[in-house]
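**Q** could you look at this predicted model? Sequence included:
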Amino acid sequence: MSEASPGKRAQRPSRPPRTAKAPPDARGAEPPGQPEDNAAVLELLYARSRRHQVYNLAAGFMWSIADFCGQLQQVCSGFEWRFAQPGEQANIDYYAPHDRSAMAIERLRSDTAFLPRYNLAEALSDYLQWLGPAFKVGARS
């Protein structure tokens, strides 16, 4: 449910927009990290000691929206994107009024043997595979 309209379910558009439009000031975020998160959790479970109560589970690097969309274009047939023009409504919503900074993983790295191993292309490929039928990936021709 959306915070903007409590109690109401967001309506899904009947067709996705033809072109994804990123906010003009979008910087990026961390890649989807399912395999990295799983590896980090295992490291924490088997750590001899944990000096902290809270650990960030993340890939340890940021990607730009342009890099992310470029990777999607390589694996998703027909995917198009661009930055929204000044004054134009973007159709990508980050669900926050601003980008957040990268999550620090120094605690995780210092207390365990965790070492991120995925780059953006590998993380995206793994994430799309994890989505499975919910996200059909068409080969680019």
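**A** Okay, I see it.

**Q** let's verify residue 82: helix, strand, or coil?
**A** strand (DSSP: H, G, I helix; E, B strand; the rest coil).

**Q** quick one: the strands in the chain?
**A** With DSSP state E as the criterion, the chain has strands at 19-22, 80-83.

**Q** hey, least reliable of the ones you listed by pLDDT?
**A** Lowest mean pLDDT of these: strand 19-22, a mean of 64.

**Q** tell me if I'm right that residue 90 and residue 81 touch.
**A** No - with contact defined as Cβ atoms under 8 Å, residue 90 does not reach residue 81; the gap is 10.6 Å. C-beta coordinates here come from the backbone N, C-alpha and C atoms, glycine included.

**Q** doesn't residue 56 make contact with residue 107?
**A** Yes - judged on Cβ under 8 Å, residue 107 makes contact with residue 56 at a distance of 7.2 Å.

**Q** quick one, what contacts the residue lying closest to residue 121 once chain neighbours are set aside?
**A** Distance criterion Cβ to Cβ, 6 or more residues apart in numbering; nearest residue to residue 121, sequence neighbours excluded, is residue 71 at 5.6 Å. Residue 71 makes contacts with 120-121, 124, as judged by Cβ atoms under 8 Å, 6 or more residues apart in numbering.

**Q** out of those residues, which are buried?
**A** 120, 124 (16 or more other Cβ atoms under 10 Å).

**Q** dump the contacts of residue 71 into TSV; add pLDDT as well.
**A** TSV is the format used below for the contacts of residue 71 (pLDDT from 0 to 100):
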residue	pLDDT
120	85
121	87
124	83
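
**Q** what would the contacts of residue 71 look like in CSV with distance to residue 48?
**A** Formatted as CSV, the contacts of residue 71 follow (distance: Cβ to Cβ, whole Å):
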residue, distance to residue 48
120, 32
121, 34
124, 34
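
**Q** I'm done for today, thanks for sticking with me.
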